[in-house]
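In: Have a look; sequence and predicted model below, questions after that.
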Amino acid sequence: MDSIDLLQEKLRSFSLERDWDKFHSPKNLIMALTGEVGELSEIFQWLSEKESKELDKNKKSLVEDELADILLYLIKLSDILDVDLLSVSANKIIKNGEKYPIEKCYGKSDKYNLI
């Protein structure tokens, strides 16, 4: 069992023990996920580029909590929708490699359709 499967199992148990599955529709999970991404964004909102790379202990702890929340909501959503995150992520990396060929995009930040 990979770690995503293990987290899915833990999340299933956590939700069942609290009778929360009735709240975990894809719509609600996406809204919760978006909220957590917003909370992560708030931490970085007014930091300089340098500060964003050199977080103090307190900010690092806040970032860790928000990243965990984001991952857990994403895993729960993928479980509800029966999406194999590892497989689709591996396929997406292949697609991105085709969309962003090294010889066209190396060192550039342009959107792929502007390359």
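Out: Looks like it came in fine. Keep in mind the model is a prediction, meaning the values are calculated, not measured.
In: which helix of this structure spans the most residues?
Out: Scanning the chain for the longest helix, with DSSP state H as the assignment, gives helix 57-80.
In: in the protein, which spans are helices?
Out: 3-18, 26-44, 49-53, 57-80, 85-99, 102-105.
In: What residue spans form the domains of this structure?
Out: Annotated domains of the chain cover 3-83, 85-115 [automatic domain parsing].
In: Any chance of the ones you listed in TSV with mean neighbour count as columns?
Out: Any C-beta I mention is one placed from the backbone N, CA and C, and that applies to glycine too. Output for those, formatted as TSV (neighbours: other C-beta atoms under 10 Å):
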stretch	mean neighbour count
domain 3-83	13
domain 85-115	10
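In: Worst mean pLDDT among those?
Out: The weakest mean pLDDT among these belongs to domain 85-115, with a mean of 89.
In: How far off centre is that one?
Out: A distance of 18 Å separates the centroid of the chain from that of domain 85-115, by C-alpha atoms, centre = their mean, to the nearest Å.
In: Alright, that wraps it up for me.
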